[in-house]
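S.K.: sequence? don't have it. structure:
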């Protein structure tokens, strides 16, 4: 529990301008990027932020990082790539549709979904399309190979965009929302409408149910070593073990940073076994995975709205966050 | 933050009605009238019909079964996604209107607002408004189960195109509607000409606003009001006793509508073979220890056939009224205001559903008497 002994890092947080609900945050190289619901992106450090209208007539629904650029999908039907200089490139535009899901990877490949249509565009710009059985809610590139995982009502699928073969389906009854694949490529995990995660071992499609959440899980993050999956949706950060060949089957999760508020966002540090946890009441804690020790990053005096975005820099030294009410901040580890 | 109230739940109105009844006409009336309100509109078959509004979203009407062991518990998956997305534009609209296809079942739409936590946190269902075609509804009630569902489910019914039928035909179709749903507020219109406050801001699912559950057909509408916008119409709904039925000595009175041919105001009342309404009452208190387990169990067993239910109950030793409402198997109930000193402590429930087991409901309820 957070008490007087809890180390505080609050003095190392610098506030950044946001001014409107924050949809996502990213580091474009070293440049902080704050993506706003209202269609704009703020780029740059404290005192030197520039504002880019990536979706002038739209709201940003989904965001993904593509190397040193950020890719956004809006309710204007557009997929837009914005780099650290503020240059925007329209990747796709479908009038009258929403971009429901989006993923990207460092080489510049981007996949997005409009309803049942799932598109994948490689770094050279060749775009392939496939139909999901129902609206695709979650998309993610698998860690290895040019392959896309998608989640929808009734299960999930893995798709090789460069082959003619249909996506390989992983069935499980219910509505699947977000999707992630373990860094070693062995496990496919979705979050579900029914306040649970569902997992499949990709090799044999063995099922694993991870339930007991009081709310939907809308944030998942893999630890730097790939052995742990940290999740939101409970009054503590629920962390599932994926080290063994059976993953979390018949195992209990760890629960860290228990508070009387739900975890809204989680972000594992990319270098160390260190986890950033953003809560629904605006608190942010850092927790060491090895001993569970906690450090306080944010305990809001005014804005107690939920943390809506949380990301570490690539080198693991800085943490960027944003809130629903429109505050943003940058922690630099001492 | 933007100026609009940050934590107010956005009201959602659902427009249903069979093909060609006039949903789009009503929608465009709502959108073009001078009211200073901005609406986000969720339509089906995007792009086919001209809707003059800034914020129009196409829906796929994806009905999802919830994986929670409840067979009739279906939700509209696309609405969950769309409402989450619309919240990114929070502050830019005041209310949401959902237009469903003519063939849609209203239940999954309504249930979405009770089942999904995120939707429930951000929005609230205001009312289900059904537009019915005076000329063709009687036929549709015979051959289209969807049309019957839409009437049964409605909080507000717009009986439209009354200029295309004779007075006799109008009485006939009205009686058929009342045979299924005597509780909805009914407006007879040409070209969907109703005051907007008859359709919007109804709070039909708000427990605070469930003041009375007398069937509204007991009101006698003598005056002809076709084509005229008349405000304040539904104020008659509450609080008066029309033609009170004689109470038996045992203090238990129950009236079942749609089964007898009442003769109020010269209107006929039909019995519909599939869909009925039923009202049961106890002239006194019920024992919550008996009532709550009974209703929960009954709704779990029979909820698939019960489209809507409502109740206002006097609990033993409880000064406040217990008010509940249900959509299929989903029940929502709470203790509301206190019984007034001059108000008789009467416990009443109404059900609208398919092949309602009258005797079972009545006996079950009467056994809950305190």
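M.R.: That came through, no problem. Everything numeric here is computed off the predicted structure, so don't read it as measured data.
S.K.: for the chain, which residue is closest to the average position?
M.R.: Assuming you mean chain A. With distances taken as CA atoms, centre = their mean, residue A:219 lies nearest the centre of chain A, 5.9 Å away.
S.K.: that answer is for a different chain, and I need it for chain B
M.R.: Nearest to the geometric centre of chain B sits residue B:155, at 2.6 Å (CA atoms, centre = their mean).
S.K.: these two touch, right, that one and residue B:127?
M.R.: Yes - using CB atoms under 8 Å as the test, residue B:155 is close enough to residue B:127 to be in contact (4.2 Å). Quick note: C-beta positions are derived from backbone N, CA and C, even for glycine.
S.K.: can you pull the contacts of the nearest residue to residue A:223 once chain neighbours are set aside?
M.R.: In this structure, residue A:223 finds its nearest non-sequential neighbour in residue A:268, 4.8 Å apart by CB to CB, 6 or more residues apart in numbering or on different chains. Residues counted as contacts of residue A:268 (CB atoms under 8 Å, 6 or more residues apart in numbering or on different chains) are A:221, A:222, A:223, A:224, A:228, A:230, A:274, A:275, A:276, A:312.
S.K.: any idea of the pLDDT on residue A:268?
M.R.: Residue A:268 is assigned 98 on the pLDDT scale.
S.K.: same question for residue B:210.
M.R.: At residue B:210, pLDDT is 73.
S.K.: residues touching it, list them.
M.R.: For residue B:210, the contacting residues are B:310, B:312, B:323, B:325, by CB under 8 Å, 6+ apart.
S.K.: quick check: the farthest pair among those residues?
M.R.: Spanning the widest gap among the contacts of residue B:210 are B:312 and B:325, at 10.0 Å by CB to CB.
S.K.: the residue nearest to the centre of chain A: what's it in contact with?
M.R.: For residue A:219, the contacting residues are A:231, A:232, A:233, A:263, A:264, A:265, A:266, A:310, by CB under 8 Å, 6+ apart.
S.K.: repeat that for 6 Å
M.R.: By CB atoms under 6 Å, 6 or more residues apart in numbering or on different chains, residue A:219 lies in contact with A:232, A:265, A:266.
S.K.: so what's it closest to, chain neighbours aside?
M.R.: Leaving out its chain neighbours, the residue that sits closest to residue A:219 by CB to CB, 6+ apart is residue A:232, at 3.9 Å.
S.K.: and the residue nearest to residue A:86 when sequence neighbours are not counted, what are its bridge partners?
M.R.: Nearest residue to residue A:86, sequence neighbours excluded (CB to CB, 6+ apart): residue A:52, at 4.5 Å. On the basis of DSSP bridges, residue A:52 is bridged to residue A:41.
S.K.: try the one 10 residues further on
M.R.: Bridge pairing for residue A:62 (DSSP bridges) gives the partners residue A:73.
S.K.: circling back to that earlier point, list just the nearest of the contacts of residue B:210 to residue A:153.
M.R.: Of the contacts of residue B:210, the one sitting nearest to residue A:153 (CB to CB) turns out to be residue B:325, at 28.2 Å.
S.K.: between residue B:312 and residue B:325, which contacts overlap?
M.R.: With CB under 6 Å, 6+ apart as the test, residue B:312 and residue B:325 reach no residue in common.
S.K.: tally of neighbours for residue 85?
M.R.: In the absence of a named chain, this looks at chain A. Using other CB atoms under 10 Å in any protein chain shown, residue A:85 is surrounded by 11 other residues.
S.K.: um, chain B though
M.R.: 20.
S.K.: per-residue pLDDT, the nearest residue to it once chain neighbours are set aside?
M.R.: Closest residue in space to residue B:85, ignoring its immediate chain neighbours: residue A:61 at 5.2 Å, by CB to CB, 6+ apart. On the pLDDT scale, residue A:61 is placed at 98.
S.K.: any regions of the chain where pLDDT drops low?
M.R.: Assuming you mean chain A. A:1-5 (pLDDT under 70).
S.K.: please refer instead to chain B.
M.R.: Along chain B, the model assigns pLDDT under 70 to residues B:1-7, B:45-50, B:68-72, B:211, B:213-269.
S.K.: partners of the residue nearest to residue A:223 in the sheet?
M.R.: Bridge pairing for residue A:268 (DSSP bridges) gives the partners residue A:275.
S.K.: ok, it to residue B:97 distance?
M.R.: As judged by CB to CB, to the nearest Å, residue A:268 and residue B:97 stand 42 Å apart.
S.K.: just residue A:144 next, same as before
M.R.: 47 Å.
S.K.: please apply the same query to residue A:231.
M.R.: Distance check for residue A:231 against residue B:97: by CB to CB, it reads 36 Å.
S.K.: residue B:111 now?
M.R.: Residue B:111 is 18 Å from residue B:97, by CB to CB.
S.K.: according to the record, where do the domains of chain A fall?
M.R.: A:21-93, A:213-334 (automatic domain parsing).
S.K.: ok, which stretches of chain B are helices?
M.R.: With DSSP state H, the ranges of helices along chain B come out as B:23-32, B:77-86, B:106-115, B:117-122, B:137-143, B:145-153, B:167-180, B:288-302, B:358-366.
S.K.: how about a markdown table for those helices, with distance to residue A:202 added?
M.R.: Shown next, in a markdown table, are the helices of chain B (distance: least, CB to CB, whole Å):
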| stretch | distance to residue A:202 |
| --- | --- |
| helix B:23-32 | 46 |
| helix B:77-86 | 25 |
| helix B:106-115 | 31 |
| helix B:117-122 | 30 |
| helix B:137-143 | 50 |
| helix B:145-153 | 42 |
| helix B:167-180 | 52 |
| helix B:288-302 | 39 |
| helix B:358-366 | 51 |
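S.K.: closest one to residue A:163 among those?
M.R.: Comparing the helices of chain B by CB to CB, helix B:77-86 comes nearest, at 29.0 Å.
S.K.: in the closest one, what's buried?
M.R.: Within helix B:77-86, the residues scored as buried using 16 or more other CB atoms under 10 Å in any protein chain shown are B:77, B:78, B:79, B:80, B:81, B:82, B:83, B:85, B:86.
S.K.: so what's the third one up against?
M.R.: Same thing as residue B:79. residue B:112.
S.K.: quick check: residue B:189 vs residue B:197, distance?
M.R.: Counting by CB to CB - residue B:189 and residue B:197 are separated by 14 Å.
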